[in-house]
Structures are given as C-alpha cells and as structure tokens.
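K.L.:
Got a predicted model here, sequence first, then my questions.
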Amino acid sequence: MRKYFALAMCLYLCLTAPLAALSAQPVDTVFIEELTWMELRDAIKAGKTTIIFPAGGTEQNGPHMVLGKHNFIVKHAAEQIARRLGTALVAPVLAYVPEGEINPPSGHMLFPGTITLPEEHFIKITEYAARSFRVNGFKDIVLIGDSGPNQKGLQVVATLLNKEWAGNDVRVHYVSDYYHSQAFSKWLRAQGETPENIGTHAGMEDTSELLAINPSLIRKDKLAPGGDFKLTGVAGNPARASAAYGKQGLEFKIAAAVAQIQKSIAARAK
C-alpha cells in the first residue's frame with residue numbers, strides 16, 4: 001500500500017511542479033486590466049508608482065479607417081511609453097470623449113458610430129480616475145490624449161488636482177507634447193509631402209500610424225483623397241499613408257511623451 005501511495009505522490013508532484021513553476025512567473029504586461037489586484041499591489045510596492053491614463057475616442061475616420069483609431073493608437077503608444085519609463089503601468093483607455101454636440105449633431109457626430117461625451121463629464125471621469133489612482137498608491141498620474149478635444153479637459157484635471165493636492169507626494173502630469181508636437185508633420189514635409197496631402201483628420205498621419213500598428217484596421221480599397229469633408233469625413237490624402245511613415249510618427253509621439261514625463265517627474269522630486 002505504501003508503495004502505491006509513494007508512486008501516486010511522485011506522479012502528483014511530477015505533474016504539478018511544472019504548473020507551480022509556471023504560475024510563479026511574473027506577468028509581462030504593463031496594463032493594469034491584465035493584472036490581479038494582488039499583482040498590482042505588489043507591482044506598486046516594487047516601484048511601479050507611475051500610472052498612465054490614455055484618452056482615445058470613438059469617432060468617424062473616413063471610409064477607410066475604423067472608428068476606434070484613437071483607442072488603438074493611444075493604447076499602443078501608452079504601452080511603449082510605460083516600458084521605456086520602466087516604473088509605469090497603463091490604465092484602461094477611455095474610449096468616450098468630447099466629439100461634438102448631440103442636438104443638433106455637430107463635428108464628428110454628423111457621422112454614424114461616433115460617441116460623444118460633454119466636456120464636463122469627460123473632466124469628471126478623468127478626475128475620478130485620477131482620484132482612484134491616488135487611493136491605489138500611485139504617485140505620478142500621467143494624462144495623455146490622442147485627440148484634440150481631449151486636451152483641454154486633461155489639462156483642467158491636472159491643474160485642479162495639483163492645486164488640491166499641493167504639498168503631498170502625488171502629482172498629476174498633463175503630457176501635452178504627446179499630441180501637440182509637430183515633429184511628424186514637419187518630418188513628412190521634409191520627405192516631400194504637401195500639407196494638403198498630410199491633412200488634419202484621417203489623412204496621412206493617423207492612417208500611417210494605424211497601418212504600422214494593425215493594417216487589418218485599414219480598408220485599403222477605400223484609400224483615397226478626402227474630397228468634400230462633409231461627405232467623406234477625411235481631410236487629407238490617406239492613399240499616401242504607409243506603415244513606414246507610421247512607425248516614424250509613433251516614435252515621435254512616444255519619445256516626446258517619455259521626455260516630458262521624465263522631466264516633469266524629476267521637477268516634482270526636487
């Protein structure tokens with residue numbers, strides 16, 4: 001009987017030991033939504049005290065590009081920023097942002113699929129996300145937005161909370177350089193591209209960035225100059241977009257954000 005018991009125990013240990021070793025491996029992710037609360041607690045204790053809050057948007061992007069363009073781009077960028085910083089994690093992307101009026105519809109709300117949020121509600125969501133991060137134990141709360149209408153609200157929240165939390169060890173950093181840097185547009189012009197082709201919405205820049213991240217999210221048979229914006233939702237010529245352009249554009253945004261975050265955190269530490 002003892003012989004069979006010993007054999008059974010040996011078999012059990014042989015089968016479970018690899019599983020135990022596997023479960024003990026650290027999770028290679030910077031996204032808090034992919035962590036358990038205990039894993040997040042331990043990551044913060046280990047020094048990952050910076051949290052990136054990425055605001056995207058759900059809006060029309062012409063006939064060639066999916067509605068979630070901003071969400072895909074900012075999630076990719078936020079991951080790269082966090083990994084380069086080394087002490088940062090990433091919150092879930094906020095996919096609902098100001099996109100225009102409801103009644104009567106304005107801005108991107110003139111096109112199906114766009115989801116808008118009043119400015120005051122966008123600000124309140126961002127504010128309470130930041131308040132939650134502070135309770136969680138994060139010390140540096142980084143706000144980045146991939147869309148123009150995000151910028152004002154993010155800056156308002158940073159100003160509001162930094163004033164309220166003055167004197168303590170938590171700081172909110174609005175990272176304007178992620179969006180406002182003109183490096184990509186200037187670089188494209190240096191490659192011979194015209195401002196008309198580069199455009200301002202669903203043109204060369206964001207189409208190229210999404211091509212670099214996930215080309216399946218671009219309808220390549222629909223790539224064409226924008227024409228009448230009210231009919232197409234495109235300002236620019238996405239037919240001139242490329243994944244190679246997109247990789248360079250993403251690098252400009254990511255590098256600019258990392259540099260500004262590092263500078264802002266260093267200034268807080270003084």
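P.N.:
Perfect, I can see it now.
K.L.:
Tell me which stretches of this protein form strands.
P.N.:
With DSSP state E as the criterion, the chain has strands at 50-55, 88-90, 140-145, 171-174.
K.L.:
closest to Ile213 out of these?
P.N.:
Taking C-beta to C-beta, strand 50-55 is the member of the strands of the chain nearest to Ile213, at 13.7 Å. (C-beta placed from N, C-alpha, C; glycine too.)
K.L.:
so the closest one versus strand 140-145, what angle?
P.N.:
Between strand 50-55 and strand 140-145, the angle comes out at 20 degrees (axes from the mean of the first three to the mean of the last three C-alpha atoms, to 10 degrees).
K.L.:
what packs against strand 50-55?
P.N.:
If contacts are counted by 3 or more C-beta pairs under 8 Å, 6 or more residues apart in numbering; DSSP states H and E, strand 50-55 sits against helix 69-85, strand 88-90, helix 119-136, strand 140-145.
K.L.:
Just send those back as TSV, with mean neighbour count too.
P.N.:
As requested, those are arranged in TSV below (neighbours: other C-beta atoms under 10 Å):
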stretch	mean neighbour count
helix 69-85	22
strand 88-90	25
helix 119-136	17
strand 140-145	28
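K.L.:
Please convert these to CSV, extending it with distance to Ile218.
P.N.:
Compiled in CSV, these are given as follows (distance: least, C-beta to C-beta, whole Å):
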stretch, distance to Ile218
helix 69-85, 9
strand 88-90, 24
helix 119-136, 27
strand 140-145, 22
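K.L.:
Is it possible to get these out as JSON lines so that each row also shows mean pLDDT and distance to Phe184?
P.N.:
Converted to JSON lines, those look like this (pLDDT from 0 to 100; distance: least, C-beta to C-beta, whole Å):
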{"stretch": "helix 69-85", "mean pLDDT": "98", "distance to Phe184": "12"}
{"stretch": "strand 88-90", "mean pLDDT": "98", "distance to Phe184": "22"}
{"stretch": "helix 119-136", "mean pLDDT": "98", "distance to Phe184": "25"}
{"stretch": "strand 140-145", "mean pLDDT": "98", "distance to Phe184": "16"}
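K.L.:
Show me the one of the ones you listed that comes nearest Gln155.
P.N.:
strand 140-145 (8.1 Å).
K.L.:
where are the low-confidence patches of the stretch 101-250 of the chain?
P.N.:
For the stretch 101-250 of the chain, applying pLDDT under 70 flags no range at all.
K.L.:
Go through the helices and strands packed on strand 50-55 and name the closest to Glu34.
P.N.:
Using C-beta to C-beta, the helices and strands packed on strand 50-55 put strand 88-90 closest to Glu34, at 9.5 Å.
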